[in-house]
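Fold the following and give me the result.
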Amino acid sequence: MKLISFFYNLLWGDLVTVPLPGGSSVGLSLLVLILIPSGIFFTVRTRFLPFRLFPDMVKITLENNKHSQDKSISGVQALIISTATRVGMGNLVGVVAAISAGGAGAVFWMWVTALLGSSTAFVEGTLAQLYKEKDPLYGGYRGGPAYYIHDYFKEKRQKSSGKAGKTGGAGMQTAGVAPMSSRAAGAGQPRSIIAVLFALSGLICWCGISQVIGNSVSSAFKNAFQIPPIWTTVILVAVAAVIVLRKHATVKVLDVVVPIMAGCYFLMTIIIIVKNAGLLPSVFRQIFAEAFGLRQAVAGGFGAVLMNGAKRGLFSNEAGSGSAPCAAAAADISHPAKEGLLQAFGVFIDTIVICSCSAMIMLLTPADLTSGLEGMDLLQTAMNYHMGSFGVIFIAVILWLFSFSTFIGILFYARPNVAYLFGDNWTSQTLYKILALVMLFVGGLAAYTFVWDLGDIGVGLMTVFNMIALIPLSRKALEALAEYEKSR
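Okay, the predicted model is just below:
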């Protein structure tokens with residue numbers, strides 16, 4: 001427990017405290033110190049891609065996404081998978097927690113973080129395409145940070161030994177397809193320690209998230225329907241097992257679930273906003289006024305506003321953590337930069353759209369009704385105010401969909417990492433899925449903060465290991481972007 005506490009505080013705790021005028025201060029965690037500057041760096045290097053190429057993101061999403069490789073997925077399907085994991089309970093409970101701790105101004109910094117994260121997501125998604133390889137087990141393609149980290153260090157070893165040559169994932173013309181199974185365990189070449197650590201961190205993280213998902217769903221259904229957690233958990237695990245233990249069911253299910261759940265939540269928010277249209281000017285005034293600490297600076301709380309928004313944005317959109325590239329690599333798409341733009345668009349959907357929906361539901365609720373409440377209780381109280389008992393039921397059902405799709409998505413992420421560590425065999429793939437299902441079941445019956453913290457440590461370590469290769473390799477993503485714009 002002490003070891004886990006140490007790593008948690010190292011990654012997520014205040015590593016550096018910067019004093020501010022008015023007696024306030026900003027505590028900067030290691031992940032914030034890594035992700036915010038790198039987000040700014042990528043945004044500048046891509047010449048403000050989130051703004052400049054936003055029309056391209058929409059156009060690529062709406063175009064006819066065909067995929068030629070047998071059993072592969074399209075670019076939009078990869079976007080749906082990454083959106084399934086980004087859009088989770090963090091978009092509901094996490095946003096509520098950020099506003100509770102940092103006030104309405106946290107929403108503004110959440111937006112800023114998302115815009116910076118879009119550029120990071122572009123670089124990740126493009127590199128995943130450039131360094132992907134064929135998948136002998138599931139068909140189509142696979143890849144992600146473990147694969148481009150592996151090739152990055154392999155290339156460095158070759159240069160240092162004077163044997164610089166063509167590494168895996170070379171060439172935009174072939175969409176970065178490397179020889180089959182070239183990096184997986186048992187493929188006859190040494191694996192990179194950093195890539196191994198990334199894959200292990202990811203598998204630990206996704207097991208921890210599985211438990212959080214089980215607990216969140218069972219708690220929400222107990223509050224809304226008074227259903228005992230054991231029944232909710234058994235049904236959740238049974239349905240999940242039917243899907244994840246089948247070879248090709250994951251993408252088909254997410255293709256249906258993700259658009260429906262995101263569309264329903266967005267539609268519900270629009271209805272609430274229209275009903276309270278007269279309050280919108282005051283809500284936006286509150287967001288922008290508190291964002292810059294015009295009220296909080298006097299009370300010394302500007303740091304809480306800034307950091308709660310930034311941390312929530314980073315945790316929600318996952319840009320830089322290396323999760324989404326595991327899906328981006330599986331896409332069969334005409335140009336690597338197109339998948340990068342789709343992943344950048346995924347950050348926009350997650351934070352600017354879905355997280356903002358949760359924020360509006362909260363901020364359009366009278367403060368005296370939600371005073372002293374937190375988490376799911378606070379959100380369900382807000383929905384009860386807006387939509388009555390239907391709102392409470394709606395939130396419980398939508399949380400179930402958000403969490404369920406996240407679980408399906410993270411097991412898709414696990415595929416290439418399990419293969420990298422243990423080789424191309426169905427035994428290791430199936431054993432990890434069973435482990436995740438067990439964690440889902442355990443989480444539905446009880447909340448173990450030990451495992452929750454382990455999940456947070458996992459995503460933090462993933463980010464650290466991913467960024468080691470992401471920054472030096474970003475030039476290849478920038479070259480792909482330049483080629484895409486020239487051909488366009």
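
what about the helices in the stretch 51-200 of the chain?
Residue ranges of the helices in the stretch 51-200 of the chain, as given by DSSP state H, counting those that start in this stretch, are 54-62, 75-86, 93-102, 105-130, 145-160, 193-225.

With mean pLDDT added, can I get those helices in JSON lines?
Output for the helices of the stretch 51-200 of the chain, formatted as JSON lines (pLDDT from 0 to 100):
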{"stretch": "helix 54-62", "mean pLDDT": "87"}
{"stretch": "helix 75-86", "mean pLDDT": "79"}
{"stretch": "helix 93-102", "mean pLDDT": "70"}
{"stretch": "helix 105-130", "mean pLDDT": "88"}
{"stretch": "helix 145-160", "mean pLDDT": "88"}
{"stretch": "helix 193-225", "mean pLDDT": "84"}
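
tell me the most buried of those helices?
The highest average neighbour count among the helices of the stretch 51-200 of the chain, using mean count of other C-beta atoms under 10 Å, belongs to helix 105-130 at a mean of 29. Just so you know, the C-beta spots here come from the backbone N, C-alpha and C atoms, and that holds for glycine as well.

For that one, what is the distance to the chain centroid?
In terms of C-alpha atoms, centre = their mean, to the nearest Å, the centre of helix 105-130 is found 10 Å from the chain centre.

Could you list the low-pLDDT ranges of the stretch 251-400 of the chain?
Low-confidence segments of the stretch 251-400 of the chain, defined by pLDDT under 70: 293-317, 372-376.

let's see it at 80
251-252, 255, 289-318, 351, 367-380, 399 (pLDDT under 80).

Distance to F441 for the helices of the stretch 51-200 of the chain - can I get that in JSON lines?
As requested, the helices of the stretch 51-200 of the chain are exported to JSON lines (distance: least, C-beta to C-beta, whole Å):
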{"stretch": "helix 54-62", "distance to F441": "36"}
{"stretch": "helix 75-86", "distance to F441": "20"}
{"stretch": "helix 93-102", "distance to F441": "21"}
{"stretch": "helix 105-130", "distance to F441": "31"}
{"stretch": "helix 145-160", "distance to F441": "28"}
{"stretch": "helix 193-225", "distance to F441": "6"}
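
quick one, which of those helices is nearest to V251?
helix 75-86 (5.6 Å; C-beta to C-beta).

what's in contact with that closest one?
60-61, 65, 73, 250-251, 254-255, 257-259, 262, 316-318, 323-324, 327-328, 330-333, 338-339, 342-343, 345-347, 349-350, 405-406, 408-410, 412-413 (C-beta atoms under 8 Å, 6 or more residues apart in numbering).

remind me, longest helix of the protein?
helix 449-487 (DSSP state H).

Can you check what angle separates that one from helix 145-160?
Per axes from the mean of the first three to the mean of the last three C-alpha atoms, to 10 degrees, the angle that helix 449-487 makes with helix 145-160 is 70 degrees.

Restricted to strands, list the contacts of helix 75-86.
Of the contacts of helix 75-86, none are assigned to strands by DSSP state E.

ok, of the residues you listed, which come out buried?
For the contacts of helix 75-86, a burial check counting by 16 or more other C-beta atoms under 10 Å picks out 60-61, 65, 73, 250-251, 254-255, 257-258, 262, 316-318, 323-324, 327-328, 330-333, 338-339, 342-343, 345-347, 349-350, 405-406, 408-410, 412-413.

so what does the strand or helix carrying Q380 touch, helix or strand wise?
Here Q380, judged by DSSP states H and E, is contained in helix 375-387. For helix 375-387, the packing partners by 3 or more C-beta pairs under 8 Å, 6 or more residues apart in numbering; DSSP states H and E come out as helix 93-102, helix 193-225, helix 249-275, helix 356-363, helix 367-370, helix 389-422.

In TSV, list the ones you listed along with distance to A382.
Formatted as TSV, those follow (distance: least, C-beta to C-beta, whole Å):
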stretch	distance to A382
helix 93-102	8
helix 193-225	13
helix 249-275	9
helix 356-363	5
helix 367-370	6
helix 389-422	8
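
R47 is nearest to which of those helices?
helix 356-363 (25.6 Å).

and the closest one, how far from the chain's centre?
Distance, centroid of helix 356-363 to centroid of chain: 20 Å (C-alpha atoms, centre = their mean).

Now do it: everything it contacts.
91-92, 95-96, 99, 104, 107, 110-111, 265-266, 268-269, 272-273, 283, 286-287, 370, 378-379, 382-383, 386.

which of these are buried?
Using 16+ other C-beta under 10 Å, the buried members of the contacts of helix 356-363 are 91-92, 95-96, 99, 104, 107, 110-111, 265, 268-269, 272-273, 283, 286-287, 370, 378-379, 382-383, 386.

chain center to stretch 100-109, what's the gap?
Using C-alpha atoms, centre = their mean, the offset of stretch 100-109 from its chain centre is 20 Å.

what residues are up against M462?
When contacts are taken as C-beta under 8 Å, 6+ apart, M462 is in contact with 145, 198, 201-202, 205, 321-323.

out of these, who's nearest T427?
Closest approach to T427 among these (C-beta to C-beta): G202, at 19.2 Å.

Look up how far L203 lies from L454.
Per C-beta to C-beta, to the nearest Å, L454 is found 11 Å from L203.

residues contacting L254?
Going by C-beta under 8 Å, 6+ apart, the list of residues near L254 reads 77, 80-81, 84, 405, 408-409.
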